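Enquirer: how would this look folded up:
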Amino acid sequence: MPDDAETPAEKFDYDLFVIGSGPAGQRAAIQAAKVGKRVAVAERMTSVGGVCLHHGTIPSKTFREAALHLSGFRERGVYGAAYKVKHDITMSDLLYRADWVIRNEVDVIRHQLTRNRVEMFEADASLTGPHAIRLDGGDKRGVREVTADKIIIACGTHATRDPALPFDGQAVFTSDDILALKELPRSIAVIGGGVIGCEYATVFAALGVRVTLIDKRPRLLDFVDFEIIDELAHQMRRNRVTLRLGEAVRDVRLRPENGDVEIRLESGKVIHADKALYAIGRTGAVDILNLAAAGLKADARGRLRVNEQYQTDVKHIYAVGDVIGFPSLASTSMEQGRKAACAALGIKAEASSEHFPYGIYTIPEISVCGMSEEALTQKGVPYEVGKASYREIARGQIMGDEFGLLKLMFHIETRELLGVAIIGEGASELVHIGQAVLAHKGKIDFFVETVFNYPTLAECYKTAAFDGVNRLR
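Expert: Take a look at the predicted model:
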């Protein structure tokens, strides 16, 4: 069996083998297949799509959409706080939509891989040498070993679990367990105020669940513009979320006699809730990869170190997606997969814009692109801000979103756009207008001079631009 890095590619079973079929793995495999390479993908789950489709991005966002619809949350600004599409919402109601979306997405992904002639293996993949992969398909498919000239690791992550906590998947659980919940709680404690914790905290709150969010940091999502996060915190409290910031968890106990969970904080506070969601980060899913057999080693959080070409310490093995850490977004993972395949196969790939958006699917939704006020201040950049509230825009009134806000940061002297920050309905879609202008180093004047459809939320850009220009005067 070939194991020499200099062995001609045709001596291997595949030109490229991808471990993982999430967004990064899909793009890597399809990119290689488009140029006529022999490509295979291994997925340890029973169907393609990876963690993104089965436990992460797609289920959580679909769960959110179902919650918004069934709770009537979007229309409460118009019809009142008591408005609901369905009373007595159950987990089955919420998960029905997620199951439907997942089934359809699996079919789409499988069709894309099949029509591009990418061979698929439903198996646990592990490395047995620099170019050798062991595929364990269980009792049905058995075990086989294949070889590949180049390998891309796109195995994703799994929710980090504290071994001291009594995880049972129902009372104490992680985001990976959401789709297996049997009932909607009356109260929940969310441990961790990162993106996942904030998203689920606001979704449960929209459903009328009493939420307590605990995080040892003094503020939420410190990489996002402070004013935007301040508004998020205000909206969370408005929806009866209790924020326990600057607080560390000492222990978590199940109380079968009371049917609830007890969380004790280092400060001495005691919190009781029906359920507890543990959302303290994610760990690279490298546990069964046998990295050492290929000369690789992950860090304490299961992440692999790569260079600018996504090449690991072993030059013919690449890693992409969440397993390499920041920014751990499905959108950036797709681009990483494509670029890694290009680098592995010697295909020239154009550099991506440095400006990529973050979409945070809390309620209300948040999206940012470019630099925040805090970052500009730290760098000593002279800037001004223009703002537009949704309540100033006809579309905001029509939608019933009175609290949305769009901010534009721009250079005082050159008027070049430097950053966009949005909170409110449609933020993750609306941000792309600002992203395009950022990518082309456009000025705030572009928005002043552009005609937008009426009534649309896009008008916020024009209103914010006028606000910013007027501040300069």
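Enquirer: so the closest residue to His131 other than its chain neighbours: helix, strand or coil?
Expert: Excluding its sequence neighbours, the residue lying closest to His131 (C-beta to C-beta, 6 or more residues apart in numbering) is Thr147, at 5.0 Å. To be clear about C-beta, it is placed using only N, CA and C from the backbone, and glycine gets the same treatment. The three-state assignment at Thr147 reads strand, by DSSP: H, G, I helix; E, B strand; the rest coil.
Enquirer: wait, Thr147 touches Phe12, no?
Expert: Yes: using C-beta atoms under 8 Å, Thr147 makes contact with Phe12 at a distance of 4.5 Å.
Enquirer: tell me the bridge partners for the residue nearest to His131.
Expert: Ala132 (DSSP bridges).
Enquirer: what is the neighbour count of it?
Expert: By the measure other C-beta atoms under 10 Å, the count of residues near Thr147 is 20.
Enquirer: mind checking how far it is from Ala458?
Expert: Distance of Thr147 to Ala458, given as C-beta to C-beta, to the nearest Å: 52 Å.
Enquirer: same check, this time on Val306
Expert: 37 Å.
Enquirer: buried residues of the host helix or strand of Glu262, list them for me.
Expert: Per DSSP states H and E, Glu262 falls inside strand 260-265. Using 16 or more other C-beta atoms under 10 Å as the test for burial, strand 260-265 gives Asp260, Val261, Glu262, Ile263, Leu265.
Enquirer: the nearest residue to the fourth one once chain neighbours are set aside sits in which helix or strand?
Expert: To tie it back to what came earlier, the one meant is Ile263. Spatial nearest neighbour of Ile263, chain neighbours left out: Ile271 (4.4 Å); criterion: C-beta to C-beta, 6+ apart. Counting by DSSP H and E, the element that carries Ile271 is strand 270-273.
Enquirer: bridging residues for the residue nearest to Leu289 when sequence neighbours are not counted?
Expert: In space, and not counting its chain neighbours, Leu289 is closest to Ser126: 5.5 Å by C-beta to C-beta, 6+ apart. Going by DSSP bridges, Ser126 is paired in beta bridges with Arg134.
Enquirer: packing partners of the helix or strand encompassing Gly419?
Expert: Using DSSP H and E, Gly419 falls within strand 417-423. Judged by 3 or more C-beta pairs under 8 Å, 6 or more residues apart in numbering; DSSP states H and E, strand 417-423 is in contact with helix 226-238, strand 366-370, helix 373-379, strand 405-411, helix 427-439.
Enquirer: then that strand to CSV, C-alphas only?
Expert: The C-alpha coordinates for strand 417-423 follow below in CSV (Å, rounded to 0.1, in the frame of the first residue of the first chain):
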residue,chain,number,x,y,z
LEU,A,417,-17.4,52.9,5.2
LEU,A,418,-15.7,51.0,8.0
GLY,A,419,-18.3,48.9,9.6
VAL,A,420,-22.0,47.9,9.7
ALA,A,421,-23.9,46.7,12.8
ILE,A,422,-27.6,45.7,12.8
ILE,A,423,-30.0,44.4,15.3
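Enquirer: adjacent strands (with direction) for that strand?
Expert: strand 366-370 (antiparallel), strand 405-411 (antiparallel).
Enquirer: which residue, other than its chain neighbours, is closest to His432?
Expert: Once flanking residues are discounted, His432 sits nearest to Pro357: 6.8 Å by C-beta to C-beta, 6+ apart.
Enquirer: count the residues that sit near that neighbour.
Expert: Other residues lying near Pro357 total 22 when counted by other C-beta under 10 Å.
Enquirer: my guess is the residue nearest to Leu289 meets Arg134, correct?
Expert: Yes: the pair Ser126 / Arg134 is scored as a contact, 4.9 Å apart, by C-beta under 8 Å.
Enquirer: in TSV: the helices and strands packed on strand 417-423, plus mean neighbour count.
Expert: Listed next are the helices and strands packed on strand 417-423 as TSV, based on neighbours: other C-beta atoms under 10 Å:
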stretch	mean neighbour count
helix 226-238	17
strand 366-370	25
helix 373-379	14
strand 405-411	25
helix 427-439	20
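Enquirer: next, format these as a markdown table and append distance to Gly72 and mean pLDDT.
Expert: As requested, the helices and strands packed on strand 417-423 are exported to a markdown table (distance: least, C-beta to C-beta, whole Å; pLDDT from 0 to 100):
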| stretch | distance to Gly72 | mean pLDDT |
| --- | --- | --- |
| helix 226-238 | 16 | 96 |
| strand 366-370 | 22 | 97 |
| helix 373-379 | 35 | 97 |
| strand 405-411 | 23 | 98 |
| helix 427-439 | 20 | 97 |
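Enquirer: and of the ones you listed, who's closest to Phe452?
Expert: helix 427-439 (8.9 Å; C-beta to C-beta).
Enquirer: quick one: the strand holding Gly419 to helix 226-238, angle?
Expert: 0 degrees (axes from the mean of the first three to the mean of the last three C-alpha atoms, to 10 degrees).
Enquirer: tell me the gap between strand 417-423 and the middle of its chain.
Expert: 19 Å (C-alpha atoms, centre = their mean, to the nearest Å).
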